[in-house]
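Q: attaching a predicted model along with its sequence, questions to come.
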Amino acid sequence: MNDPLPSGFSPWVVAEQFKSAGAVVDVQEFGQGNINSTFLVTLDTTTDQRFILQRINTQVFQQPQLVMRNIRTYSEHVCQRLQTDDCQRRWEVPRVLLTPAQQDHWISPNGDFWRAMSFIETAHSLQAIATPDQAEEVGYALGMFHHLISDLPAEQLADTLEGFHITPQYLQQYEQVQATQADLTPEVEYCLQFIGDRKRDTNILEAAKADGKLQLRLMHGDPKINNILIDTDTQQAVSVIDLDTVKPGLIHYDIGDCLRSGCNPLGEETEQWEMVQFDLSLCQRILQGYLAVAQSFLTAYDYDYLYDAIRLIAFELGLRFFTDYLAGNVYFKVKHPEHNLNRALVQFKLTESIEAQATDIQALIQSLR
């Protein structure tokens, strides 16, 4: 939701609830998230000097306590795996910080839901992939994330966003708001036609799940490249952050989302939507990095549906952006009224590019099996 902080509300007060020592000396807005309000808190301590403070958007995450339970279950499991796995390189998991009452959240007097996570130092996120080696590290990060939870039963985590990444349901939401569509500009007409031409293809992953070809596993839910942290010194991936959407689902949603995000050099916020292309060479390096870690738990059917995931998730996000534009920009944060329309155009152009390279992408996947 486009949901700013209440006028006059200070996150400085909230930060006091999560600090373990020292005094709060600075609070700054942090990151470029579209859903929650995020701040970087600095303390006057010599260790654990900074942490992440977030107000959870409860209009999106309507059961935030379950979100926190999922994150704690995930992080505890991964920390145990890291102690027993022979991991030869740095890998970190954001820690949930507790209040003095040993709670993993704090609810303010006006009802806002806040939480705090440890800040991973000497690491940075990517806004775009600059080199082939970065692409491989992005793939490695997602593969490591899936590897470390591949033995955690999906039923141990709650489904905190029912319908999330279920493309047919997003299509239903679109059809409900389509009657309220905006002026028929050429861009709007393009989106309407684009969606209409692809309605029949939205159920392919869900049908494969229903047929037992794809397994319900745990997924990150939002593994775009700016949720992957790179070590500032080694340039190796060290963490996957933004864990609110960790839940049962298909890992294909993650793979498709990672490639959608990583293989568009212009980025999803570009205004040059007509120039957007899916970069096949980046796709190859991301998949190589991913499969170097993940091939041990992938099935033949998993490979069979990789191309469909790559194409579908780009289309799905465009559909979600366009639906939100028609609905009046009520879900994603926007900077101007046409922002979500522009975002939709970028994703639809990316989908076109993926479709145009379908044979090459499928041949690449086959070569990596």
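A: Received it, and whenever you're ready, just let me know what you need.

Q: and the spatially most central residue of the chain, helix, strand or coil?
A: Nearest residue to the geometric centre of the chain (C-alpha atoms, centre = their mean): residue 222, 1.4 Å. Following DSSP: H, G, I helix; E, B strand; the rest coil, we place residue 222 in the coil state.

Q: pop out the phi and psi values for residue 361.
A: phi -70, psi -40 (degrees, to the nearest 10).

Q: ok, back up a step: hmm, residue 240 and the residue nearest to the centre of the chain touching each other?
A: No. In this structure residue 222 lies outside contact range of residue 240 using C-beta atoms under 8 Å: 9.6 Å. Every residue, glycine included, has its C-beta placed from N, CA and C.

Q: how about the strands of the chain, start to end?
A: For the chain, strands defined by DSSP state E occupy the ranges 24-29, 37-43, 50-56, 106-107, 113-118, 123-125, 217-219, 228-231, 237-240, 247-249.

Q: give me the low-pLDDT residue ranges for this structure?
A: Judged by pLDDT under 70, the chain has its weakly predicted residues at 1-9, 34, 179-182.

Q: make JSON lines from the strands of the chain and add distance to residue 343 and mean neighbour count to it.
A: Below are the strands of the chain laid out as JSON lines (distance: least, C-beta to C-beta, whole Å; neighbours: other C-beta atoms under 10 Å):
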{"stretch": "strand 24-29", "distance to residue 343": "21", "mean neighbour count": "13"}
{"stretch": "strand 37-43", "distance to residue 343": "20", "mean neighbour count": "20"}
{"stretch": "strand 50-56", "distance to residue 343": "22", "mean neighbour count": "21"}
{"stretch": "strand 106-107", "distance to residue 343": "32", "mean neighbour count": "16"}
{"stretch": "strand 113-118", "distance to residue 343": "27", "mean neighbour count": "21"}
{"stretch": "strand 123-125", "distance to residue 343": "19", "mean neighbour count": "17"}
{"stretch": "strand 217-219", "distance to residue 343": "22", "mean neighbour count": "24"}
{"stretch": "strand 228-231", "distance to residue 343": "20", "mean neighbour count": "22"}
{"stretch": "strand 237-240", "distance to residue 343": "23", "mean neighbour count": "24"}
{"stretch": "strand 247-249", "distance to residue 343": "22", "mean neighbour count": "22"}
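
Q: and the ones you listed: which comes nearest residue 365?
A: For residue 365, the closest of these is strand 217-219, at 19.0 Å, according to C-beta to C-beta.

Q: name the nearest residue to residue 13, sequence neighbours excluded.
A: residue 108 (7.9 Å; C-beta to C-beta, 6 or more residues apart in numbering).

Q: likewise for residue 107?
A: Sequence neighbours aside, residue 113 is the residue nearest to residue 107 in space, at 5.7 Å (criterion: C-beta to C-beta, 6+ apart).

Q: ok, back up a step: hmm, the residue nearest to residue 13 is touching residue 15, no?
A: No. Look at residue 108 against residue 15 with C-beta under 8 Å: they stay out of range, at 11.8 Å.

Q: looking at the two, which has the bigger crowd around it?
A: It is residue 15, of residue 108 and residue 15, that has more neighbours when counted by other C-beta atoms under 10 Å, with 21 against 15.

Q: contact partners for the more buried one?
A: Contacts for residue 15 (C-beta atoms under 8 Å, 6 or more residues apart in numbering) come out as 24, 27, 39, 41, 53, 116.

Q: 10 Å instead?
A: Residue 15 makes contact with 23-24, 26-27, 39, 41-43, 51, 53, 114, 116 under the criterion C-beta atoms under 10 Å, 6 or more residues apart in numbering.
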